[in-house]
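>>> Got a sequence here, can you model it:
(one chain, ligands or ions: 3)
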Amino acid sequence: MIIPTAKQIKEIDAFTISDEGISSIDLMERAAYSLTDAITSQWSTSTPIVVFAGPGNNGGDALAVARMLICGGYAVKTYLFNIASRISADCKEEAERLKSLGEGHLTEITSTFEPPELSADTLIIDGLFGTGLSRPLEGGFATLVRFINSTGCTVVSIDVPSGLMCEDNSSNNLESIVRASLTLTFQFRKLAFMFDENEMYVGKLKVLDIQLSSSKINSTSTPYEYIEADYIRELFKPRVNSGNKGTFGTAMIVAGQYGMAGAALLAGSACLRSGCGKVMVHTPLLNNNIIQIGLPEAIIHHDYNEKRFCNPISSDTRFDAICIGPGIGTHTDTSRALYDQIRRTRCPLVLDADALNIIARNKEWLDFLPAKTIITPHPLEFQRLTDCKNDGYSRLKVAQELSESHELIVILKGHHTAICLPDGRVYFNSTGNSGMATAGSGDVLSGIIVSLLAQHYQPSVAALIAVFLHGKAGDLASSTLGEYSITASDIVNNISNSFRDLLNM
Ligand SMILES: NC(=O)C1=CN([C@@H]2O[C@H](COP(=O)(O)OP(=O)(O)OC[C@H]3O[C@@H](n4cnc5c(N)ncnc54)[C@H](O)[C@@H]3O)[C@@H](O)[C@H]2O)[C@@H](O)CC1
Ligand SMILES: Nc1ncnc2c1ncn2[C@@H]1O[C@H](COP(=O)(O)OP(=O)(O)O)[C@@H](O)[C@H]1O
Ligand SMILES: [K+]
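Ligands and ions are numbered 1, 2, ... in the order given. This is a model prediction of the structure:
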């Protein structure tokens, strides 16, 4: 599903209204029905409800929901903030409809507001601002948001937590954003929801299908897409029945300085579990026994010259793709080896972990990474690599620029990992859970990627499939072990289930 901008959502709303021939107020009623449905399915009529409505259509939604809840037997108090006397036409109409239920349901605030006493079990519905927010909240609205956040009550935000911009929050006033327990958003995830630091505002997310025009949605051009199983499934090539080891390619993994052989084991076993024909591991001689015993299927490519660090591989004619980085360390010898290897590599390449930390110290090397190289930084590695600001939107913009200017595939790892392609497109992943925030989890991802590259998947496709499968393997691991107990090995052990789940095998 696409992730349109707030402006594009407005256009899709407007098109739906004209194309379907329905009025905007009826679209609002449709939206409010689905909100009410989601609320009543979770909270009973014994829950006291307080609704805060703003002056725009987000407020209109809130007023419609208040009416529907009252009609459903809920005790609801509603406050409409009409400070500047500029409420939208549909908001005004919804206020009239609510008033028509009788006295006392609606309090209109036109100047100062005395916050009510709220019991701990009150459910707050936040309909102050949605996609129309154009600047950070300040003054009375900022105070109101701080009041909402201080109550300790459960908060349901309509469409967007009020105060959160749909895209760029790098200059926002973070204290003036509602911290929702649940956000009921219309039709699309918003870009800001993809950034880890905004989880504290969005809370749990539910996307409500309000049947906006599918033809308009399909013709809306946006670089951002949220990827789910159906999309990934289409990217697979059939596996040739008569294929042999050679058909499915040989992957080379340069990993594990002495003391970090586990990184090589994790990447190597993930690679083997992901379908390539052969896996070679280039690792210091001292790791020999560990790898031979832990990963008997792999061929060890000994790094004879040096016992503890990684040296360059002499030739890359014997493998189809190469991964460099998991646990290699940043020793000067390794750094030199990485330089040589990058300069010499002609096959598809994925760089992870310490390979990226080394490049961060030698940023000019970015200029000669082969086209379509995949890099897989977590936020800190990306920060070291680019000196970017620390918020999700700024980081994404820099990643997009880097991807486009250097023709790289940048996999920005996080809860919703972003895969940035050189043509400007960005795909956000839908699988994965906090149990995957565990040492070695990234090594597993690198192993899956290089396996797919060795099987001759295009780098962009390999990146998309691998990220999705990796997260899915983590989800399957968590369904049996729980998020607290997953280890990176459990992710490896669930790669096969992840493939089978995705491909209905
Ligand atoms: N357009 C449509 O057909 C639909 C819209 N829907 C709702 O409409 C919302 C968007 O409505 P609007 O475009 O009216 O926008 P909002 O309701 O988000 O707010 C817009 C109003 O807030 C003011 N404003 C913006 N930033 C402000 C700030 N920092 N401080 C004070 N005032 C500020 C604007 O001047 C405008 O009056 C969506 O989020 C959704 O909830 C839904 O009803 C579905 C259908
Ligand atoms: N909360 C989370 N939700 C989803 N995926 C996560 C979460 N935390 C971590 N991951 C995933 O786990 C991997 C962690 O990689 P990384 O930080 O490089 O780990 P390591 O360096 O320990 O191997 C990434 O693919 C990341 O997307
Ligand atoms: K809202």
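>>> What residues does this structure have near ligand 1?
13, 24, 27-28, 31, 54-59, 61, 86, 88, 129-135, 137, 141, 158-160, 186 (Cβ under 6 Å from any ligand atom). C-beta here means a position set from N, CA and C on the backbone, and glycine is covered the same way.
>>> contact partners of stretch 197-206?
Stretch 197-206 has contacts (Cβ atoms under 8 Å, 6 or more residues apart in numbering) with 38, 155, 157, 161, 163-164, 169, 177-185, 189, 192-193, 391-392, 415.
>>> Keep only those of the residues you listed that are in helices.
38, 392 (DSSP state H).
>>> what kind of secondary structure is residue 431 in?
Using DSSP: H, G, I helix; E, B strand; the rest coil, the structure places residue 431 in coil.
>>> count of neighbours near the nearest residue to it once chain neighbours are set aside?
Nearest residue to residue 431, sequence neighbours excluded (Cβ to Cβ, 6 or more residues apart in numbering): residue 471, at 2.9 Å. Residue 471 has 22 neighbours, counted by other Cβ atoms under 10 Å.
>>> wait, isn't residue 471 in contact with residue 419?
No. With contacts counted by Cβ atoms under 8 Å, residue 471 stays clear of residue 419, the gap being 11.7 Å.
>>> Give me the common contacts of these two.
residue 429.
>>> Confirm for me that residue 256 is in contact with residue 268.
No. Look at residue 256 against residue 268 with Cβ under 8 Å: they stay out of range, at 9.1 Å.
>>> quick one: common contacting residues for these two?
Counting by Cβ under 8 Å, 6+ apart, the residues touching both residue 256 and residue 268 are 281, 291.
>>> Of the residues of the chain next to ligand 1, grab the buried ones for PyMOL.
Buried residues among these (16 or more other Cβ atoms under 10 Å), as a PyMOL selection:
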select buried, resi 13+24+27+28+31+54+55+56+57+58+59+61+88+129+130+131+132+133+137+141+158+159+160+186
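>>> Just the ones of the residues of the chain next to ligand 1 in strands?
If you go by DSSP state E, the residues of the chain next to ligand 1 have 158, 186 in strands.
>>> List the residues that contact residue 250.
Contacts of residue 250 (Cβ under 8 Å, 6+ apart): 276, 277, 278, 279, 280, 318, 319, 320, 454.
>>> In the sheet, which residues pair with the third one? Tell me.
Meaning residue 278. residue 250 (DSSP bridges).
>>> Quickly note the distance from it to residue 318.
Look at residue 278 and residue 318: by Cβ to Cβ, to the nearest Å, they are 9 Å apart.
>>> And the last one, by the same measure?
Look at residue 454 and residue 318: by Cβ to Cβ, they are 12 Å apart.
>>> quick one, which of those two is more surrounded?
The neighbour count for residue 454 versus residue 318, taken as other Cβ under 10 Å, is higher for residue 454 (28 against 13).
>>> I figured the more buried one hits residue 320, correct?
Yes. Contact criterion Cβ under 8 Å: residue 454 and residue 320 qualify, at 4.3 Å.
>>> my guess is residue 406 contacts residue 372, does it?
No. Residue 406 lies out of contact with residue 372 (Cβ under 8 Å); the separation is 10.2 Å.
>>> what residues are shared contacts of the two?
With Cβ under 8 Å, 6+ apart as the test, residue 406 and residue 372 both reach residue 422.
>>> what about the protein, any weak spots by pLDDT?
For the chain, the stretches flagged by pLDDT under 70 are 304-307, 312, 314-317.
>>> residues contacting the spatially most central residue of it?
The chain has residue 416 as the residue nearest its centroid, 1.6 Å off, counting by Cα atoms, centre = their mean. Residue 416 sits next to 193, 194, 195, 196, 226, 428, 429, 430 when contact means Cβ under 8 Å, 6+ apart.
>>> what's the domain layout of the chain?
6-222, 240-503 (automatic domain parsing).
>>> Many thanks, I have nothing further to ask.
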